[in-house]
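Undergrad: Just the structure for this:
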Amino acid sequence: MLLAGSRRSIAEVSGAASSTFYETHGAAVRRAVAASLQQGPKEDPFPTVMREHLQLDPCSGEKRAIPGCSTEMLRLYFQFLRDNERLPRNSQLPLQEIRLVWETLLAFFGEEDLEQEKIDQVFRLIQRKMERGQIGQAWILLNIFDYQRTVRLDNERSLYLEEMALLFSRRQDDGQRTVSEELRQLLQQAAGDLGLLPRVAEKLAEELGIHLQLLRKDEEEQESWRSVLPEAPSAAAPVPPAPRQDEPRTAAADAEQPAPGDRLLSALCSRKWRPPLRFAPETDASMLDDLHSPEAVRIYCDSLIKGVYFLILITESTGYEEFLATFIEWLRELIGPEAMRVFSCFHAGVTLEEKTINESLEAMFTAPPMGELPALVTAATGEELAAAARSLLEECAGADLLTIAPGDYSLEGLLLDRVLELSVPRFDLGWRLHRLL
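TA: Residues are numbered from 1 along each chain as shown. Modelled structure (predicted):
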């Protein structure tokens, strides 16, 4: 398997990131793209945009001329940067690790011999990401390589099992965290005034390391790119959904995408996991659009199925057995009696048909009866989501918040469980199902 091999200790590629790639270099990339486009009309600005990303040293910011770079290299590096940007801010690869990927790709596609040590560094980095539970980072590092189908299957299943083991592992609080009376009062106040929810998110992060995230558009970034790309489609124009961070891209998938010129703004400004800056889905159309986006809905559905499937596979007691019965009954009420067959068919796809987890999920959600679930999710109204937020905040005000591990959590997932009336018997379980690793 690709991830197997040396686990010997080496110096860290980098410490914690002080700033993300786009926070550091976003303005410089836009200036370079604008200057390049002004030199003459181009039928397709997409290669220009990708090339400007590639020519920038991730650490120093110096521009490096890279003649003859292939379209494949441009695409791989650009997608890698955008996938990294999609992760929550504190979960992104630091600049030094991005530079390692940059150097490896330049050497791999260049004329010079690629040192095996460079590739080994990347694979050791992937191994460390897995050991630390940084599954999102491990995925985007793996996706820069092209490898055999059997290896891809092994890697995907290894990352899935690592992710689920971390989600459902027994844990004890380290005793360093405390829940202040100020936080509990704020939670109670926010249950009556959702305008306080962003402040609640800040306080949860400050005191407990619990980061609420929404998969939302960066409107400031969109406006910045529109000024560079005046011919880009308007915000009202329909755009295709961005690929999921954990889904490897293929040449076939790329061929099915619209022309690069039509999707450039969408690719540059795809939704990202970020803290809520406001919360008013019942009156804010753009927020409801984020909550109903195909990516967000699919992530919610995937999280439920992947989590429940793992709990079904475990033979030892987990303490969540009651939830399995509750979930199957809930699913039966939503999609009908065929709900009982869902997990047996899913298991057959993963084992007998040798599909990846993601391929099995794709097949599940594009056919009856589970194909109905995403539509039920997007039927949630802004008023229902607001009511769910009030319910969540009120529950948190009186709950043992120390049972929630520090980390990033999908706020939308926590809300949709309530909108769809999925009963979770233990407070911590709903959070585990919607943790972002």
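Undergrad: Gly68 looks like it's in a helix, true?
TA: No. The assignment for Gly68 is coil, going by DSSP: H, G, I helix; E, B strand; the rest coil, so no helix is present there.
Undergrad: Next, the contact list for it, please.
TA: Contacts for Gly68 (C-beta atoms under 8 Å, 6 or more residues apart in numbering) come out as none. All C-beta spots, glycine's among them, are computed from the backbone N, C-alpha and C.
Undergrad: Can you give me the pLDDT of it?
TA: Among the per-residue scores, Gly68 holds a pLDDT of 78.
Undergrad: can you pull the contacts of His25?
TA: Contacts for His25 (C-beta under 8 Å, 6+ apart) come out as Leu56, Pro58, Gly61.
Undergrad: helix, strand or coil for the last one?
TA: This means Gly61. In three-state terms, and counting by three-state DSSP, Gly61 is coil.
Undergrad: quick one: it and Arg82, what's the gap?
TA: Distance of Gly61 to Arg82, given as C-beta to C-beta, to the nearest Å: 19 Å.
Undergrad: and the two? which has more neighbours close in?
TA: Between Gly61 and Arg82, counted using other C-beta atoms under 10 Å, Arg82 has the larger neighbour count: 21 against 12.
Undergrad: tell me what whichever strand or helix holds the more buried one is packed against?
TA: Secondary-structure element containing Arg82, defined by DSSP states H and E: helix 71-86. Other elements packing on helix 71-86 under the criterion 3 or more C-beta pairs under 8 Å, 6 or more residues apart in numbering; DSSP states H and E are helix 21-38, helix 46-54, helix 95-109, helix 135-142, helix 260-268, strand 272-274.
Undergrad: Output the ones you listed as JSON lines; include the columns mean pLDDT and distance to Val350.
TA: Compiled in JSON lines, the helices and strands packed on helix 71-86 are given as follows (pLDDT from 0 to 100; distance: least, C-beta to C-beta, whole Å):
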{"stretch": "helix 21-38", "mean pLDDT": "90", "distance to Val350": "34"}
{"stretch": "helix 46-54", "mean pLDDT": "89", "distance to Val350": "34"}
{"stretch": "helix 95-109", "mean pLDDT": "90", "distance to Val350": "29"}
{"stretch": "helix 135-142", "mean pLDDT": "92", "distance to Val350": "18"}
{"stretch": "helix 260-268", "mean pLDDT": "67", "distance to Val350": "31"}
{"stretch": "strand 272-274", "mean pLDDT": "95", "distance to Val350": "26"}
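Undergrad: Could you say which of these is packed most deeply?
TA: Each of the helices and strands packed on helix 71-86 was given a mean neighbour count from mean count of other C-beta atoms under 10 Å, and the largest, a mean of 24, is that of helix 135-142.
Undergrad: now could you export just the CA positions of that one as PDB?
TA: As requested, the backbone C-alpha atoms of helix 135-142 are provided in PDB (Å, rounded to 0.1, in the frame of the first residue of the first chain):
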ATOM      1  CA  ILE A 135      -7.600  13.400   7.600                       C
ATOM      2  CA  GLY A 136      -8.500  16.400   5.300                       C
ATOM      3  CA  GLN A 137      -4.800  17.300   5.000                       C
ATOM      4  CA  ALA A 138      -3.900  13.600   4.300                       C
ATOM      5  CA  TRP A 139      -6.500  13.500   1.500                       C
ATOM      6  CA  ILE A 140      -5.300  16.500  -0.400                       C
ATOM      7  CA  LEU A 141      -1.700  15.400  -0.200                       C
ATOM      8  CA  LEU A 142      -2.700  12.000  -1.600                       C
END
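Undergrad: and it with helix 71-86, angle?
TA: In this structure, helix 135-142 runs at an angle of 170 degrees to helix 71-86, with axes from the mean of the first three to the mean of the last three C-alpha atoms, to 10 degrees as the basis.
Undergrad: For helix 135-142, name the packing helices and strands.
TA: Contacting helix 135-142 under the criterion 3+ C-beta pairs under 8 Å, 6+ apart are the following elements: helix 71-86, helix 116-131, helix 149-168.
Undergrad: Quick check on Gln176: phi, psi?
TA: phi -90, psi -20 (degrees, to the nearest 10).
Undergrad: hmm, back to that, now tabulate the helices and strands packed on helix 71-86 in JSON lines and tack on distance to Glu322.
TA: Formatted as JSON lines, the helices and strands packed on helix 71-86 follow (distance: least, C-beta to C-beta, whole Å):
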{"stretch": "helix 21-38", "distance to Glu322": "44"}
{"stretch": "helix 46-54", "distance to Glu322": "49"}
{"stretch": "helix 95-109", "distance to Glu322": "42"}
{"stretch": "helix 135-142", "distance to Glu322": "27"}
{"stretch": "helix 260-268", "distance to Glu322": "43"}
{"stretch": "strand 272-274", "distance to Glu322": "30"}
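Undergrad: correct me, but Arg274 touches Glu220?
TA: No. The pair formed by Arg274 and Glu220 falls short of the contact definition of C-beta atoms under 8 Å, at 11.3 Å.
Undergrad: from what I can see Leu105 touches Gln79, true?
TA: No. Look at Leu105 against Gln79 with C-beta under 8 Å: they stay out of range, at 11.4 Å.
Undergrad: Appreciated, that's everything.
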